[in-house]
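Novice: Okay, structure incoming, though there's no sequence with it:
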């Protein structure tokens, strides 16, 4: 028996390769499926099943492409109604893989079709639980994502999730290893651990959701503090449920090298957005006017989904040479399939062609300290509320990046200072503000982490004034 967790950090997502006696199964595959096929071939195995724990919201799974390339059936739990051919399994249905077995446990609550997969060894002993978004390490799946489609409240779904956990998961042996679909950083939960696997026994002891005294307390605990899900989630669910273009087609379309003139033509004719995925530092020095910066070396895909939202938006890329394939791949993972090409030669070709260039006024933390102290310029902190509450610049306003469209009209009419924790998110904000015609600000290189090394006064918590400004 062989189990491999294939973890993708920028998505905080775990896919799984399981093998026994020359037969393999893949659970919750990523969009690009060639690595799974190659792994099975290298190990002399045949992919027999493709298991999906549910219709994912935060990424587009590779189940359809993988099925087309391997002829392995796609398996969903009860209540799933995909628009493509799939095996809709019954609760407790057993699937043989070599000399081991996988039992589907229907565990509705996160979504109605949510299911876990229990692996038993050749002796019939339970060894591993692939828990999807039903059970995370330190948390459980948020119960608010499916309520519109199911015509149910998040409290209704939370109650279903409680029953699923208590009746299907908690009775399992403590030694069973839990392999969740996500870890810390995913928007599918709110309290996840940084670890990516753990024993069920430890989760029974330390997971707050599994230690509530009753169903009512569980519902209250798991629904408390839920922030609105990113806008692209619903579109990813639809793609996972209804189908999508093959990854090969997406890659072929995106890998079109465009001259500066050709890029301008595509932007105008296809209403394409220029997405600059270079570092914040490079973007600040010079970029195509109107371009949005979301750096590839960061939580790229989730921020693209959160800020651009519409997966049907046509895109053209500005990317460091050699990174085109990675950029298109990571965009496809969250459903952004409409990349129409990239700037051939990068920004150097743009400058050589004498095209217009814009820049961001990026200042050092020392300059920030001077202008904050001497000119009393307003400070906009785009970190999350919890980060801000932990510590922030005195009199700063917290305006979380994820909700930029809601607060943009509230910005000061005079010059303001903009920062996040390290400079990644504030440059995203800066690029969007400039694209919307707001230029009178200065963005801080190194963000709050660098500011703390200066003499700028800091404080903890939210004042009533700052809460009102949220």
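Specialist: Great, that's in hand. Small disclaimer: the values here were computed from a predicted structure and weren't measured. Residues are numbered from 1 along each chain as shown.

Novice: ok, which stretches of the stretch 1-150 of the chain are strands?
Specialist: 2-8, 13-20, 23-27, 46-51, 74-76, 87-88, 94-97, 100-106, 115-120, 126-132 (DSSP state E, counting those that start in this stretch).

Novice: Out of those, flag the one nearest residue 231.
Specialist: strand 13-20 (19.0 Å; C-beta to C-beta). From N, CA and C alone the C-beta is placed, and that goes for glycine too.

Novice: which other helices and strands contact the closest one?
Specialist: strand 2-8, strand 23-27, helix 34-42, strand 94-97, strand 100-106, strand 177-180 (3 or more C-beta pairs under 8 Å, 6 or more residues apart in numbering; DSSP states H and E).

Novice: repeat that with 7 Å
Specialist: strand 2-8, strand 23-27, strand 177-180 (3 or more C-beta pairs under 7 Å, 6 or more residues apart in numbering; DSSP states H and E).

Novice: now these as CSV including mean pLDDT?
Specialist: CSV is the format used below for the helices and strands packed on strand 13-20 (pLDDT from 0 to 100):
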stretch, mean pLDDT
strand 2-8, 96
strand 23-27, 98
strand 177-180, 98
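
Novice: Format the strands of the stretch 1-150 of the chain as JSON lines; extra columns: distance to residue 237.
Specialist: Shown next, in JSON lines, are these (distance: least, C-beta to C-beta, whole Å):
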{"stretch": "strand 2-8", "distance to residue 237": "19"}
{"stretch": "strand 13-20", "distance to residue 237": "15"}
{"stretch": "strand 23-27", "distance to residue 237": "18"}
{"stretch": "strand 46-51", "distance to residue 237": "18"}
{"stretch": "strand 74-76", "distance to residue 237": "13"}
{"stretch": "strand 87-88", "distance to residue 237": "17"}
{"stretch": "strand 94-97", "distance to residue 237": "25"}
{"stretch": "strand 100-106", "distance to residue 237": "19"}
{"stretch": "strand 115-120", "distance to residue 237": "16"}
{"stretch": "strand 126-132", "distance to residue 237": "14"}
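
Novice: Would you mind putting these into TSV with distance to residue 297 and mean neighbour count alongside?
Specialist: Below are those laid out as TSV (distance: least, C-beta to C-beta, whole Å; neighbours: other C-beta atoms under 10 Å):
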stretch	distance to residue 297	mean neighbour count
strand 2-8	14	15
strand 13-20	18	23
strand 23-27	28	25
strand 46-51	31	22
strand 74-76	33	23
strand 87-88	40	14
strand 94-97	37	16
strand 100-106	37	21
strand 115-120	34	24
strand 126-132	29	24
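
Novice: Nearest to residue 268 among those strands would be which one?
Specialist: Ranked by C-beta to C-beta, the member of these that lies closest to residue 268 is strand 2-8, at 35.0 Å.

Novice: Tell me which residues are up against that closest one.
Specialist: Residues from elsewhere that reach strand 2-8, judged by C-beta atoms under 7 Å, 6 or more residues apart in numbering: 14-19, 30, 128, 179, 196-197.

Novice: which one of the helices and strands packed on strand 13-20 lies closest to residue 374?
Specialist: That would be strand 2-8 among the helices and strands packed on strand 13-20, by C-beta to C-beta, at 45.7 Å.

Novice: Show me what that closest one pairs with in its sheet, parallel or antiparallel.
Specialist: The pairing partners recorded for strand 2-8 under DSSP bridges are strand 13-20 (antiparallel).

Novice: Which residues outside the partner strand are in contact with it?
Specialist: Against strand 13-20 from outside (C-beta under 7 Å, 6+ apart): 1-7, 24-30, 36, 39, 43, 45, 59, 97-100, 119, 130, 179-183, 196.

Novice: looking at the strands of the stretch 1-150 of the chain, which is closest to residue 385?
Specialist: Nearest of those (C-beta to C-beta): strand 13-20, 24.5 Å.

Novice: Tell me what angle that closest one forms with strand 115-120.
Specialist: Comparing the axes of strand 13-20 and strand 115-120 via axes from the mean of the first three to the mean of the last three C-alpha atoms, to 10 degrees yields an angle of 30 degrees.

Novice: Just the mean pLDDT for strand 13-20, thanks.
Specialist: For strand 13-20, the mean pLDDT works out to 97.

Novice: just how off-centre is that strand within its chain?
Specialist: 19 Å (C-alpha atoms, centre = their mean, to the nearest Å).

Novice: could you measure residue 115 against residue 76, distance?
Specialist: 7 Å (C-beta to C-beta, to the nearest Å).

Novice: quick one: the strands in the stretch 201-350 of the chain?
Specialist: Going by DSSP E, counting those that start in this stretch, the stretch 201-350 of the chain shows strands at 257-258, 273-276, 292-293, 315-318, 339-343.
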